[in-house]
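J.: heads up, no residue letters with this:
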């Protein structure tokens, strides 16, 4: 990176014309030089990968990891993004071909594979999604290598954290390798800028190349010229560091101010014998054989600290006003600015003072942020489905059908401030056909087809039991008043309404 040249030096190099341009060169005031204003940091605008040097990115990641480990607010921001953008059960994927039998078989195959999805066989598929979402907020990105198990040769995922990605050292490389273009750990094509390979650094510092076709980069880029991403809270790392230091100092000051001192005034220089204030050792003889009071011994009875002064001395205690409202407002300002552009601060902190309308506005904004995270993880999930199911087709475990790579991804249940109203709205959407019943199940972490199979088995068992006992099945189970699928998916306990009977439950006369 070339050294930064100040606007003044540039203007002097151009002569009088340059000085005039410096002072009056633009009708945009923010572009003009002013001695009353600090110079804007940074060099002239350029590609994102030039602004985000390796050293800059590593420093941002270092700061982000520190605040994630030591500050509650960034951790809550990261937790909310995963909880409502991905969900504890992960994103649900459904095959969307016209062959229902194949769809079910493929989904069961993927479900079986997902139990040990990573190359170390420690994490299942939903937990991998959690780690990926965490990495986006903490490091800005994560790289996933499509590989295979050495034992079973099945598809596996290898998670590569951002600090493991590094460019090759070209000083000892061959002449052909020295012609390669590397941008912060990613080898790119000279003409198109398309990534070709990824450099992965091992514990010994050696870098090996992995073909980009085997790499999935999961990140939320800020610029079309970016090859690497930054943590989501990069703009507020200094705020959180300052807040931690300020709070640590303030806590120390509060403790010091709360350390109350007991004052013992002495006239004769000793305590009276036989009184309640004659603790053991308080009237011991000194080296001259004279009685002397011991304030430390007195502290054993009174507690805290004891200060002994003579009669002609005076001790004054100054009442502390820490922490005060000014300090609290300052901390609130830091936190508010830190979370702008991310999870709404009131949602992360609690927002006890918010009104109902403000709560709904905050939740609506947060829900859109969570949907953005859902889209990012959904793109990653689609690539993994293509890898796993495509491999199964190549090995003959699944037959190839048209559109086998197409899937639908169901997000977790939406964040809401009124679950009753949302449940009712959900039931109406299902009844009207706006939302599929399966989507309603998936949003709540359920398996629609699994629930229907279980329901079918239960009904069949009831019918078989009634037949074996020679009784009418309806005496055991009223099939006519069975709740609709839509009501079950919405969690309603009310019976379905019959439009022909004026809204009365089926099998009952309508009220006249």
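T.: Yep, that arrived. Here the structure is a predicted model, which is why all the values come from computation and not from measurement. Numbering: from 1, shown residues only.
J.: Only the buried residues of the helix or strand hosting residue 453, if you could.
T.: Element membership for residue 453, per DSSP states H and E: helix 448-469. Residues 448, 451, 466 are the ones in helix 448-469 that count as buried (16 or more other Cβ atoms under 10 Å). The way it works is simple: take the backbone N, C-alpha and C, and place the C-beta from them, glycine included.
J.: same thing with stretch 114-122?
T.: Burial within stretch 114-122, assessed by neighbour count using 16+ other Cβ under 10 Å, is assigned to 114, 116, 117, 118, 119.
J.: next one: stretch 234-252
T.: Neighbour-count burial for stretch 234-252 [16+ other Cβ under 10 Å]: 234, 236, 237, 239, 240, 243.
J.: Now the first one. Nearest residue, chain neighbours left out?
T.: Taking Cβ to Cβ, 6 or more residues apart in numbering as the measure, residue 234 lies nearest to residue 60, with 4.9 Å between them; neighbours along the chain are not counted.
J.: And stretch 43-59, end to end?
T.: 19 Å (Cα to Cα, to the nearest Å).
J.: can you check stretch 47-60 too?
T.: Stretch 47-60: ends 18 Å apart by Cα to Cα.
J.: show me where pLDDT drops low in the stretch 251-400 of the chain?
T.: By pLDDT under 70, the low-scoring segments of the stretch 251-400 of the chain are 257-326, 344-346, 348-356.
J.: next helix or strand past the top helix by length along the chain?
T.: Ranked by number of residues, the top helix in the chain under DSSP state H is helix 356-394. Using DSSP H and E, the helix or strand that follows helix 356-394 in sequence is strand 407-410.
J.: Tell me which helix or strand comes right after that following strand.
T.: helix 419-432.
J.: element containing residue 249, please.
T.: Going by DSSP H and E, residue 249 is part of helix 237-257.
J.: which residues does the closest residue in space to residue 109 that isn't next to it in sequence contact?
T.: Counting by Cβ to Cβ, 6+ apart, residue 109 lies nearest to residue 392, which is 5.8 Å off, once chain neighbours are set aside. Listed by Cβ atoms under 8 Å, 6 or more residues apart in numbering, the contact set of residue 392 reads 106, 109, 398.
J.: Quick check: the gap between residue 392 and residue 103.
T.: From residue 392 across to residue 103, the span is 14 Å (Cβ to Cβ, to the nearest Å).
J.: now swap in residue 471 and tell me
T.: For residue 471 relative to residue 103 (Cβ to Cβ), the value is 39 Å.
J.: Same drill for those two, tell me which one is more crowded.
T.: residue 103 (18 against 11; other Cβ atoms under 10 Å).
J.: element containing the more buried one?
T.: Per DSSP H and E: helix 100-113 holds residue 103.
J.: Flag every buried residue along that helix.
T.: 102, 103, 105, 106, 107, 109, 110, 113.
J.: any weak-confidence spans in the stretch 401-512 of the chain?
T.: In the stretch 401-512 of the chain (pLDDT under 70), the answer is 416-422, 442-447, 478-512.
J.: and residue 188, backbone torsions?
T.: Residue 188 adopts backbone torsions of phi -120, psi 160, taken as degrees, to the nearest 10.
J.: no no, residue 434
T.: Main-chain dihedrals, residue 434, degrees, to the nearest 10: phi -70, psi -40.
J.: That one: how many residues sit nearby?
T.: By other Cβ under 10 Å, neighbour count at residue 434 equals 11.
J.: Check residue 223 too.
T.: The number of residues near residue 223, taken as other Cβ under 10 Å, comes to 12.
J.: Kindly provide the distance from it to residue 364.
T.: The gap separating residue 223 from residue 364 is 27 Å, by Cβ to Cβ.
J.: Likewise for residue 125?
T.: Noted for residue 125: a distance of 30 Å to residue 364, by Cβ to Cβ.
J.: Looking at those two, which one has more neighbours?
T.: A count of neighbours by other Cβ under 10 Å puts residue 125 above the other of residue 125 and residue 364, at 22 against 12.
J.: Can you tell me the closest non-neighbouring residue to the more buried one?
T.: Per Cβ to Cβ, 6+ apart, closest to residue 125 is residue 114, 3.3 Å.
J.: again, but for residue 327
T.: In space, residue 327 is closest to residue 250, 6.7 Å off (Cβ to Cβ, 6+ apart).
J.: What of residue 441?
T.: Residue 441's closest residue in space is residue 448 (Cβ to Cβ, 6+ apart), at 4.0 Å.
J.: Verify the contact between that neighbour and residue 454 for me.
T.: No - the criterion here is Cβ atoms under 8 Å, and residue 448 misses it with residue 454 at 10.9 Å.
J.: before we move on, back to that, the helix holding residue 249 - contacts with which helices or strands?
T.: Contact partners of helix 237-257 among helices and strands, from 3 or more Cβ pairs under 8 Å, 6 or more residues apart in numbering; DSSP states H and E: helix 54-70, helix 325-339.
J.: Deepest in the core, which of those helices is it.
T.: helix 54-70 (a mean of 16; mean count of other Cβ atoms under 10 Å).
J.: Report the angle between that helix and helix 237-257.
T.: 40 degrees (axes from the mean of the first three to the mean of the last three Cα atoms, to 10 degrees).
J.: the inter-axis angle of the helix or strand just after helix 54-70 versus helix 356-394?
T.: Using DSSP H and E, the helix or strand that directly follows helix 54-70 along the chain is helix 72-85. Put simply, helix 72-85 runs at 60 degrees to helix 356-394, going by the same axes, to 10 degrees.
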